[in-house]
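Trainee: coords please:
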Amino acid sequence: DCLKGFRAYLQSLPVDALPVELRNEDLASFHYGEWLLARGYDFKRNREETPLFAEYLRFQRAAITRYFGELADYARDYAASKGRPVLVSANFFNILDQYYSLEPKVDLIITEMRNTRYRQPAWYRYVAGFAGPKPVVVVENPYGGVVPEMVADLKVGKGYDRFRMSLYEAAALGANMSVPYGAWLGSIEEDAWYPPHGLCVEIQDFLADHEHLFSRETLNLVAVVYSVESEFRRATRRDSGANDQRNLAAAAATPFWQVSEDLCDALQPYDVLFFPEGVLRPDSLTVDDLGHYRTIVLPDCAFLPPAQAVLLEDALAAGTRLLVVGELGANLPAETMRPILAHPGTLRMERERDFSAADLPLGMQVRASPACNAMVNIQRVAAGAAVHIIRYDFDTERDRTPPLPEMTIEVGLPRRFGALTVFS
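Mentor: Numbers count the residues shown, from 1 in each chain. The predicted model follows:
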C-alpha cells in the first residue's frame, strides 16, 4: 500500500526534515490522497507541481531500491541452493539516474534508450559512467527516434552505413548495441525489424575479431560529474522520464548535458563520474579512482554529501584540477567548501556563461583536422591504448559515409607508446 508506506516514511523523518506543509498535520492518520483532494489536486495533471511530490518520489525510490535488492538477493540465493549461478539484470529504461541505487544488485546493465538517434555520443558516455566495469546492452526504442526511418531504408537496400554506425558508435563509446534481428516494433508501427543478415554478420564479425581493442577502462584525461541529488532537485529535468515518441530534446538542457554535448562536439574524450546522493547508495569513489584525470568538470553540482567534498579536496591535493560550472556544494557550510573553491587548482565559471572545451584549464586532449562530425574515446587495453574514432558524416544523396582522404589527429596520452596500428 503506497499510501501507508508514504505515511510511514514521513513519520520516520526527523522533525527538521519534515516538509513545511506537514508541520501541523497529524501523521498518525495522514492519508496523502485525501490530503491532496482536499486541496484541489488529483495527482493526474501537473504532478510535478503537486505538494509533496518530491517527498513522494523519495519514498518510492527508497521502496523500489529495498524491494529490488530483496528480489535480486532471493534469486541468487535460490539459484545457489540448487547448485546453479544466476546473473541478475533489469531494464533500466534510458539509464535514468533513479536506477543508480539499484545498480550494485545487478551483474549487467540492460537498457532501452528513450530516443534512438543517428548521433548520441553524450548519452553513451553517460551510460558507460553509470555502468562502471559492468557490461552494457542497449536496445533501440521503436518509437522514439530514427528507427522507423532506418527500417524503411534497409527494406529497400539503403542506409547500410547508418546501421553500421549505430552499432559501432555504442562499441566505440563504451557500450554494446543489440542487433535488432526480428525486433518487434510495437503496436504503433506494427512491424518487425529484420536488418539484412549479411550486414549483421559483417558488423558482429568485425567487433568479435577486434574484441581486444575494447575495454571498460579508459585513458581519458577529463571527467564530468553527474550529481544524482543535484539533478533530482532540478526543475528543468521533469520530462527526462517520459517515453517521448516525437524524439524531442528537452527545451532547456541541464548543465551536465550542456557540458557533455560541448565536449562531444569538440571531439574531446571524457568519462562520467556518478556522485550518488549518499543515502540509497553510499559513496564509494576514492581519490585513487580519480587519479588519472587531469581535470574534473562539475556542472552545477549544487548538492554534495560531506564525503564528496572530502573527495574533491583530496583530488585537488593530488594535483587534479577542478572546473566548477555554476554552484558547488551550496548545501554545505562555507568553511567546508572554502578549501575547495579557493584552491588555486579550482577554476570557476558562472552558470550563465556557455561552457566550451577551450575552457579546460589544461587544454584539450584531442585535436583533429579537418573538422568533421565525429567523437573520440580512448580505452585502456592490454596492448596499450585503443583510440576509437566514430564518424557521423553521412551523404544522404549517395547513401553512404563519404570518404575522408586525410585526417590529422593529435592525442595526448599519459605515457609514450612506440607503435601504432590502424583498424577500420
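Trainee: E70: neighbouring residues, count only.
Mentor: 11 (other C-beta atoms under 10 Å). Bear in mind the C-beta positions are built from the backbone N, C-alpha and C, glycine included.
Trainee: which SSE is it in?
Mentor: According to DSSP states H and E, E70 maps onto helix 53-81.
Trainee: what's that helix packed up against?
Mentor: Judged by 3 or more C-beta pairs under 8 Å, 6 or more residues apart in numbering; DSSP states H and E, helix 53-81 is in contact with helix 2-12.
Trainee: just how off-centre is the helix holding E70 within its chain?
Mentor: With C-alpha atoms, centre = their mean, to the nearest Å as the basis, helix 53-81 stands 21 Å off its chain's centre.
Trainee: ok, then the element right after that helix?
Mentor: Using DSSP H and E, the helix or strand that follows helix 53-81 in sequence is strand 109-112.
Trainee: could you give the mean pLDDT of that next one?
Mentor: Averaged across strand 109-112, the pLDDT comes to 94.
Trainee: the chain should start at 136 in everything you say after this.
Mentor: All right, first residue 136 from here; so that's strand 244-247.
Trainee: for V546, see how far away the residue nearest to A520 when sequence neighbours are not counted is.
Mentor: Leaving aside its sequence neighbours, A520 sits nearest to L354 (C-beta to C-beta, 6 or more residues apart in numbering; 5.2 Å). Per C-beta to C-beta, to the nearest Å, L354 is found 9 Å from V546.
Trainee: who's more crowded, the two?
Mentor: Taking neighbours as other C-beta under 10 Å, L354 and V546 compare with L354 leading, 23 against 16.
Trainee: the more buried one and V511 touch, don't they?
Mentor: No: contact criterion C-beta atoms under 8 Å: L354 and V511 do not qualify, at 11.2 Å.
Trainee: break down this protein into its helices, ranges please.
Mentor: Using DSSP state H, the helices of the chain run over 137-147, 167-172, 188-216, 256-266, 282-290, 295-307, 321-324, 332-344, 363-367, 390-400, 441-452, 469-476.
Trainee: could you list the buried residues of the longest one?
Mentor: So that's helix 188-216. Using 16 or more other C-beta atoms under 10 Å as the test for burial, helix 188-216 gives F188, E190, Y191, R193, F194, R196, A197, T200, F203, A207, R211.
Trainee: of all the residues you listed, which two lie farthest apart?
Mentor: Longest distance between any two of the buried residues of helix 188-216 is 34.6 Å, between F188 and R211; criterion C-beta to C-beta.
Trainee: and stretch 483-503, which residues are buried?
Mentor: For stretch 483-503, the neighbour count (16+ other C-beta under 10 Å) marks M484, F490, A492, D494, L495, M499, Q500, V501, A503 as buried.
Trainee: could you dump these into JSON lines with pLDDT and distance to V516 added?
Mentor: JSON lines is the format used below for the buried residues of stretch 483-503 (pLDDT from 0 to 100; distance: C-beta to C-beta, whole Å):
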{"residue": "M484", "pLDDT": "93", "distance to V516": "34"}
{"residue": "F490", "pLDDT": "94", "distance to V516": "30"}
{"residue": "A492", "pLDDT": "95", "distance to V516": "25"}
{"residue": "D494", "pLDDT": "95", "distance to V516": "30"}
{"residue": "L495", "pLDDT": "96", "distance to V516": "25"}
{"residue": "M499", "pLDDT": "96", "distance to V516": "23"}
{"residue": "Q500", "pLDDT": "97", "distance to V516": "17"}
{"residue": "V501", "pLDDT": "97", "distance to V516": "18"}
{"residue": "A503", "pLDDT": "95", "distance to V516": "21"}
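Trainee: nearest to R297 among those residues?
Mentor: A503 (22.3 Å).
Trainee: wait, that closest one touches Q403, no?
Mentor: No: using C-beta under 8 Å, A503 is not in contact with Q403; the gap is 10.2 Å.
Trainee: what sits in contact with each of these two?
Mentor: V511 (C-beta atoms under 8 Å, 6 or more residues apart in numbering).
Trainee: which residues of the stretch 286-435 of the chain score low on pLDDT?
Mentor: 370-387 (pLDDT under 70).
Trainee: and if we set it to 90?
Mentor: 314-329, 369-388 (pLDDT under 90).
Trainee: so where's the stretch 436-559 of the chain uncertain?
Mentor: Low-confidence segments of the stretch 436-559 of the chain (pLDDT under 90): 485-489, 506, 549-550, 553-554, 559.
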